[in-house]
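> sequence and predicted model, in that order:
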Amino acid sequence: MMIVEGTYSWLLVVLSVCIATVAAYTALDLAGRVRSAAGWVRVGWIATAAIAMGGGIWSMHFVAMLAYRMPMEVGYDLTLTALSLALPIIVTGIGFMLLCDRAVGWSVLVAGGFIMGCGIATMHYLGMHAMQMQASIAYDLRLVAASVAIAIAASIAALWLAFTGTVSSRKLAASGAMGLAISGMHYTGMAAATITMDADAAEMVSAPALDPMTLASAVAALTFLILFLALLASIVDQRFALASAREAAAVQRSQERFVTLYRRTPLPLHALNENGCIEHVSDVWLEVLGYELDEVVGRPLTDFMTEASARRRVEVDWPALLASRKVRGVEYQFVTKDGRQLDCLLSAHIERDADGRFVQALCG
């Protein structure tokens with residue numbers, strides 16, 4: 001029996017830390033899309049953030065494992081390796097889901113971070129167990145506990161940064177700290193392991209069958225490509241969201257100008273919704289009938305007509321207007337607030353959008 005003294009490739013160690021940092025930055029950026037989305041779009045962004053964060057953590061772990069050089073052949077159980085990849089993605093997704101619909105309090109942060117941290121630590125030791133070699137592994141339980149604590153603390157910090165808002169100037173520093181924390185968890189877990197080579201294997205010391213640098217480079221390249229595509233999707237979505245917000249603001253300003261002009265027109269005009277209820281009226285309309293604005297908006301126009309006019313409006317004229325989109329010179333009797341009856345000739349025109357949906361009926 002011989003204890004294996006491995007060595008680290010510092011180039012791959014640095015690469016693993018870079019992967020963890022970029023994955024943390026991507027997850028922080030994607031968390032902003034989670035907060036602003038709803039429904040299935042939110043689910044999609046949660047899945048994307050989970051793949052970026054969880055997949056990035058796994059990639060860092062795998063590259064860091066390849067960075068540890070041992071004088072023996074090492075293979076990997078594909079089933080356990082795939083499970084170790086799925087685990088951090090799933091627990092990261094659970095952590096994001098726990099927080100996206102809740103106020104970000106410490107109890108929720110700790111609960112989500114505990115689930116994520118335990119899952120990530122389990123991923124590490126499951127990945128260690130996936131190694132196929134003629135050796136056995138023993139663990140220092142104190143360092144194992146330390147690695148789990150680091151994973152939980154890093155997960156709580158990640159969720160806190162993601163859902164309490166990080167401005168762009170702080171995001172890079174936050175992702176750097178997260179990358180170091182995640183890497184610290186891995187290398188603490190590696191320090192907890194003592195690898196003892198079997199007696200018969202000690203007589204056949206050989207170089208690893210796989211070229212660690214080639215495999216690590218391939219994993220890192222694929223990871224960076226996935227993270228780049230996720231960031232690109234986030235940037236595009238942010239641009240669309242900004243354009244939509246600007247368009248909505250422009251529409252709001254236009255609507256406000258319309259309402260102002262509508263109210264100040266010297267004619268007794270009113271606008272109705274699809275149910276025949278008043279949406280807008282001009283000041284002259286209010287002056288003629290003697291009402292205040294809050295007394296008429298939202299009420300059916302027929303509330304201000306005589307019974308005979310209201311019945312004709314509902315049974316004959318309103319269906320005709322909906323069918324033809326325009327009526328002219330229809331005679332009604334309106335009732336003022338003080339009870340006087342006014343004879344009026346009413347014309348109306350229905351506005352519809354590009355898809356033919358009712359927008360409003362303009363009347364006067």
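Here it is on my side, so go on.
> helix or strand right after the helix or strand of the chain with the lowest mean pLDDT?
Using mean pLDDT, DSSP states H and E, helix 199-202 stands out as the lowest-scoring helix or strand of the chain, at a mean of 57. The first helix or strand that comes after helix 199-202 along the chain, using DSSP states H and E, is helix 212-264.
> and that next one, how far out from the chain middle?
11 Å (Cα atoms, centre = their mean, to the nearest Å).
> return the set of buried residues in stretch 346-359.
Within stretch 346-359, the residues scored as buried using 16 or more other Cβ atoms under 10 Å are 346, 348, 350. C-beta coordinates here come from the backbone N, C-alpha and C atoms, glycine included.
> err, stretch 37-45, not the other one
Within stretch 37-45, the residues scored as buried using 16+ other Cβ under 10 Å are 37, 42, 45.
> could you export the host helix or strand of residue 348 as PDB, CA atoms only?
Residue 348 belongs to strand 341-352 when assigned by DSSP H and E. Extracted in PDB, the C-alpha atoms of strand 341-352 (Å, rounded to 0.1, in the frame of the first residue of the first chain):
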ATOM      1  CA  GLN A 341     -83.900  66.200 -20.400                       C
ATOM      2  CA  LEU A 342     -81.700  67.200 -23.300                       C
ATOM      3  CA  ASP A 343     -82.400  66.100 -26.900                       C
ATOM      4  CA  CYS A 344     -79.100  65.100 -28.600                       C
ATOM      5  CA  LEU A 345     -78.000  63.800 -32.000                       C
ATOM      6  CA  LEU A 346     -75.200  61.300 -31.500                       C
ATOM      7  CA  SER A 347     -72.700  59.900 -34.000                       C
ATOM      8  CA  ALA A 348     -70.100  57.200 -33.200                       C
ATOM      9  CA  HIS A 349     -67.100  55.500 -34.700                       C
ATOM     10  CA  ILE A 350     -65.400  52.300 -33.500                       C
ATOM     11  CA  GLU A 351     -61.600  52.100 -33.500                       C
ATOM     12  CA  ARG A 352     -60.000  48.600 -33.900                       C
END
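> and the angle for the helix or strand just after it with strand 341-352?
Using DSSP H and E, the helix or strand that follows strand 341-352 in sequence is strand 358-363. Interaxial angle of strand 358-363 relative to strand 341-352 (axes from the mean of the first three to the mean of the last three Cα atoms, to 10 degrees): 150 degrees.
> which ones are touching residue 348?
Residue 348 makes contacts with 272, 321, 326-327, 330, 361-363, as judged by Cβ atoms under 8 Å, 6 or more residues apart in numbering.
> hmm, 10 Å instead?
Listed by Cβ atoms under 10 Å, 6 or more residues apart in numbering, the contact set of residue 348 reads 270-272, 301, 317-318, 320-321, 325-328, 330, 361-364.
> now, of those, which are buried?
Listed as buried from the contacts of residue 348 are 270-272, 301, 317-318, 321, 327, 330, 361-364; burial here means 16+ other Cβ under 10 Å.
> take the residues you listed and lay them out in TSV including pLDDT and distance to residue 232.
Putting the buried ones among the contacts of residue 348 into TSV (pLDDT from 0 to 100; distance: Cβ to Cβ, whole Å) gives the following:
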residue	pLDDT	distance to residue 232
270	89	50
271	90	44
272	93	46
301	94	52
317	91	56
318	91	52
321	89	50
327	87	53
330	91	58
361	90	45
362	87	45
363	87	50
364	79	52
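> all the helices of the chain, residue numbers only.
Counting by DSSP state H, the chain has helices at residues 10-36, 39-67, 78-100, 106-129, 141-163, 168-191, 199-202, 212-264, 283-289, 307-312, 318-324.
> show me which of the buried ones among the contacts of residue 348 is closest to residue 251.
Among those, residue 271 lies closest to residue 251 (Cβ to Cβ), at 16.2 Å.
> not counting sequence-adjacent ones, nearest residue to that closest one?
The shortest distance from residue 271 to any residue other than its chain neighbours is 4.2 Å, reached at residue 280 (Cβ to Cβ, 6 or more residues apart in numbering).
> the one you found: what's it in contact with?
255, 258-259, 262-263, 269-273, 293, 296-297, 360, 362.
> and these, which are buried?
262-263, 269-272, 296, 362.
> and stretch 153-164, how far from the chain's centre?
15 Å.
> right, I mislabeled it, should have said stretch 316-328
So, by Cα atoms, centre = their mean, the centroid of stretch 316-328 is 46 Å from its chain's centroid.
> any idea how far the nearest residue to residue 291 once chain neighbours are set aside lies from residue 290?
Excluding the flanking residues, the one nearest residue 291 by Cβ to Cβ, 6+ apart is residue 337, at 5.3 Å. Remark: distance between residue 337 and residue 290 (Cβ to Cβ, to the nearest Å) = 4 Å.
> my read: residue 42 touches residue 97, true?
Yes. Using Cβ atoms under 10 Å, residue 42 is in contact with residue 97, at 9.3 Å.
> need the overlap of contacts for those two.
Common neighbours of residue 42 and residue 97, using Cβ under 10 Å, 6+ apart, are residue 34.
> residues contacting residue 7?
Residue 7 is in contact with 67-71, counting by Cβ under 10 Å, 6+ apart.
> separation between it and residue 132?
Taken as Cβ to Cβ, the span from residue 7 to residue 132 is 20 Å.
> which residues touch stretch 301-321?
With contacts defined as Cβ under 10 Å, 6+ apart, stretch 301-321 is touched by 270, 272, 275-278, 281, 285, 289, 291, 295-296, 300, 326-327, 330-337, 341-344, 346, 348-350, 361, 363.
> change it to 6 Å
For stretch 301-321, the external contacting residues (Cβ atoms under 6 Å, 6 or more residues apart in numbering) are 276, 278, 327, 330, 332-334, 348.
> now do the buried residues in that stretch.
For stretch 301-321, by 16+ other Cβ under 10 Å, it's 301-302, 304-305, 309-310, 312-313, 317-318, 321.
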